[in-house]
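# Sequence first, then the predicted structure, then my questions.
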Amino acid sequence: MPTGLWLICGLCLHTLAAPDPSPLRIGLLLPPEESEAAGLRQGAELAVSWSNQAATSAVELLVRGRPGQWGDDGVEAGRLVLDDAVAGLIAPPGGLPTHLALQVAGRTATPVISLCGDSSVTGAGVPWSVRIAPGTTDEARTIMAGLGSPHARWAALVPADRAGREIARDLHEAAAALGCTLDPVIVVEPTLTDFAMLDARLPRPWPDGLLIWLEAVPAALSAKHLRNAGFHGHLAGPSRLRSAPFREHAGIALNGFVLPRIETDATTAALAARFEADYRRAFGEPPTPTAALACDAVSLLIHLARRSAPGELHRQFPIREAPPGVTGLLEFDRIGNRIVSLRLSQFRDGEWIGFKPMEPASGER
Amino acid sequence: MNTHPSRPPLPSRGLALALILLAGAPTQAAAEPAPDLPFPVIERFENFGPDHGIPASKVHAVLKTTDAELWIGTWDGLCRREPSGNFRRFGPEHGLSHKMVLCLAEDQQTGDLWVGTMRGLNRVSAGRITAYTQTDSGLPNNVIYGVAVSGDRVWVATAAGAGELQLKTGTWKIYDHNNSLMHEPWCYAVTEAGDKIMIGVWGGGIVEHDPRLGSFKEHRDPDRDFHFDLVPDDGPINDITSWLAWENGVLWQCTYFGMSRYDGRNWKTWVEGKSPLLSNFTQFVWAHRGVAWIGMDRGLSVTDGITWVNYLVDDNDQGIQQIHRPNQPVEIKPMPTALANQFVLGLQVDDEEAWIATSKGLSRGILAAPTKLTRLSEATPDQRNQ
């Protein structure tokens, strides 16, 4: 028998005889208060399902997160790493759980892929972590550059506490880079019900635009109130507001609302379309941007783990390739920031469409 | 607080010491002297893993107590080295609050061992393990990244603040972003610093606490820049503090962006590429006789701030020693044995040996004797700040 044939037979025999390896485990840190929990989980599940259809070695998704005392996300991240023996962690959009996951990762060399847009995520310097979501600074710059004049006046609504502080810092950085004014940055407490407070705190004349960097429901209610109060400037927010809760609650403010989105990549368009179709089929609703990012986060970890020796996944970082994902090519800079092109989209006539500049918006009443 | 009712099979400390003495004194350094170096170098490593009773490859912490007992904290329990040389494991079944041990500290007055885990703090005293958790004590958070003993107080660095346990009264105080200068509540390291306490804060630099005055002072990276040290030696290299060590008035700070030293007046910083530091991802530092032993993801660096010796593991698992003398070419030597793994998680060094916790086992560094004892602690301030 020719040597080549022996080799092929040997390889086949090896494949057949090899014991089924233990499943690759991916951990998803999902605090119960996470507003996008459903999309996050479903996007991750779909990525696992795809992988298990295509490969012989199984992948398992383990989800942890429970109500508890402050800081319990660190315990949950530790349980995923220790008790569940996950190869890598997916951290949610919240900066707090992401940092608690990163702290565990620092001591255990467990890779983390975060969906949090805060610049402090990659600022933590954990070498085996990346931020797969577009950065807050990048999104804000895209909005301010696309909507405003060079010296436009912007205001912002941010959540309370640490999350708001980090968002405000990133928004200020974006404004400074463009020479825009960002003032005031108004903190919206989670208990806020009297949205007239927002109206009173915005300066007159009205700013040219308002960046609403809140969770979907308070963002929608804030936007609706301000439109009803006569605010005619631009209303804009992060890409993850493209969700059903925002759409349901925004009312009059939905029309004309502007969001950034990751620019479609021709090489990954088929994958994105497949994700959209499979997601709708599996869960009966369209995927959110967070669901798509969760799918890519899990797929990326699986991709890296398949080429890594057990326990050595962290050595695949920094990621020097750009595998295709449903949100485009998964390309990162040296410190783990996602490199993406962002475009603006606007809600018009019942759907999100590409933003086309119209008459300059007037912030005046 | 939860005291485990059954006494785990820990021999008394006196008996353990006697057994160690009977078994022979620790191996003396038998290496050739390292010429011209101001501190001892490691001539070879002895490695310990599952064959020696260590239950998990990941070893997070190592501590040799004042009576020469060696304890290690692993992914799967606390272990003590027996006179036979093998390790004996203690886990949750012995009363430990959780199997993953992250940090260790000794109360030198009482001989008690304090054990920080991923879920709770533990005191090993006279063979009994007492557990403290967030729900049954004043512990700020169950994830204990650092523990230190200062007089009659035990300090913990947790994922949600620093905790101070007053041993005489059993009362706790919690310090976080609400009642101290902490920029973030995430405490990653704590160390006694003379009559002060230094708390390493993830994202908040170093918080210096004076317990007598109840005051706090913050040491932050003046650049406030995550990735670049815009002005060297102007303060802590970065605000992501991953470990702290203090000795004789000198504080060493590990960060994921390099290393800092503070002598109470001046700061000195080192980064990968601009100094012999092996990696910016510094994880642990142990100070001994003015010399910092720095654990990283790429090996071990030892320096008095002037001369550096690095220990690496190459792709063929060959141990490599690099000696960086000021104004001289780097001397690179293969070593007869290598570190168990290049990801160093914990360290303890004394005049006799170096114990190194790694992500793939425990290493003992056999020291070669120095010939010239120019210690940093004996150097002039000008020499220190070179």
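Perfect, I can see it now.

# Spell out which parts of the stretch 51-200 of chain B neighbour chain A.
Contacts of the stretch 51-200 of chain B with chain A, taken as C-beta under 8 Å from any C-beta of the partner chain, map to B:57-58, B:60, B:75, B:99-100, B:102, B:118-119, B:134, B:140-143, B:145, B:158-161, B:184-186, B:188. In this view, the C-beta of every residue, glycine as well, is placed from N, C-alpha and C.

# at 10 Å instead, please
Counting by C-beta under 10 Å from any C-beta of the partner chain, the residues of the stretch 51-200 of chain B close to chain A are B:56-58, B:60, B:75-76, B:98-100, B:102-103, B:117-120, B:134-135, B:140-143, B:145, B:158-161, B:176-177, B:183-188.

# Restricted to strands, list those residues.
Among those, the members found in strands (DSSP state E) are B:60, B:102-103, B:117, B:120, B:145, B:158, B:161, B:187-188.

# can I get those residues in CSV with neighbour count and pLDDT?
Below are these laid out as CSV (neighbours: other C-beta atoms under 10 Å in any protein chain shown; pLDDT from 0 to 100):
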residue, neighbour count, pLDDT
B:60, 26, 96
B:102, 25, 96
B:103, 26, 98
B:117, 27, 96
B:120, 25, 96
B:145, 28, 96
B:158, 28, 96
B:161, 27, 95
B:187, 32, 96
B:188, 26, 96
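
# Go through those and name the one nearest residue B:83.
Looking at these and their distance to residue B:83, the nearest is residue B:60, at 24.0 Å (C-beta to C-beta).

# So the closest one is in contact with residue B:99, correct?
No: using C-beta atoms under 10 Å, residue B:60 is not in contact with residue B:99; the gap is 11.4 Å.

# Tell me how far residue A:272 lies from chain B.
From residue A:272 across to chain B, the span is 32 Å (C-beta to the nearest C-beta, to the nearest Å).

# low-scoring stretches of chain A, by residue?
Scanning chain A for pLDDT under 70 picks out A:1-21, A:67-71, A:358-365.

# Okay, helices next: where are they in it?
Under the criterion DSSP state H, chain A contains helices at A:3-17, A:37-54, A:72-82, A:95-108, A:119-123, A:136-147, A:161-178, A:196-201, A:216-228, A:244-250, A:269-283, A:289-306.

# Can you name every helix or strand that the second one contacts?
The reference is to helix A:37-54. Under the contact criterion of 3 or more C-beta pairs under 10 Å, 6 or more residues apart in numbering or on different chains; DSSP states H and E, helix A:37-54 touches strand A:24-29, strand A:59-64, strand A:88-91, helix A:269-283, helix A:289-306.

# let's see it at 6 Å
Here helix A:37-54 touches strand A:59-64, helix A:289-306, going by 3 or more C-beta pairs under 6 Å, 6 or more residues apart in numbering or on different chains; DSSP states H and E.

# May I have the residues that are in contact with whichever residue of the stretch 251-386 of chain B sits closest to chain A?
Relative to chain A, the nearest point of the stretch 251-386 of chain B is residue B:256 (3.3 Å; C-beta to the nearest C-beta). Residue B:256 makes contacts with A:125, B:240, B:281, as judged by C-beta atoms under 6 Å, 6 or more residues apart in numbering or on different chains.

# Kindly recompute the last result at 7 Å.
A:124-126, B:238, B:240, B:242, B:280-281 (C-beta atoms under 7 Å, 6 or more residues apart in numbering or on different chains).

# and those residues as TSV, adding neighbour count and distance to residue B:262?
Putting the contacts of residue B:256 into TSV (neighbours: other C-beta atoms under 10 Å in any protein chain shown; distance: C-beta to C-beta, whole Å) gives the following:
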residue	neighbour count	distance to residue B:262
A:124	26	22
A:125	21	20
A:126	28	24
B:238	32	13
B:240	30	16
B:242	27	16
B:280	24	18
B:281	23	20
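
# from the residues you listed, which is closest to residue A:208?
residue A:124 (34.1 Å).

# So residue B:355 sits against residue B:64, correct?
Yes: counting by C-beta atoms under 7 Å, residue B:355 does reach residue B:64; the two are 6.3 Å apart.

# Give me the more crowded residue out of the two.
residue B:355 (23 against 19; other C-beta atoms under 10 Å in any protein chain shown).

# Moving C-terminal from the helix or strand harbouring that one, which element do we reach first?
Using DSSP states H and E, the element containing residue B:355 is strand B:353-358. Remark: after strand B:353-358, the chain's next helix or strand is strand B:361-368, criterion DSSP H and E.
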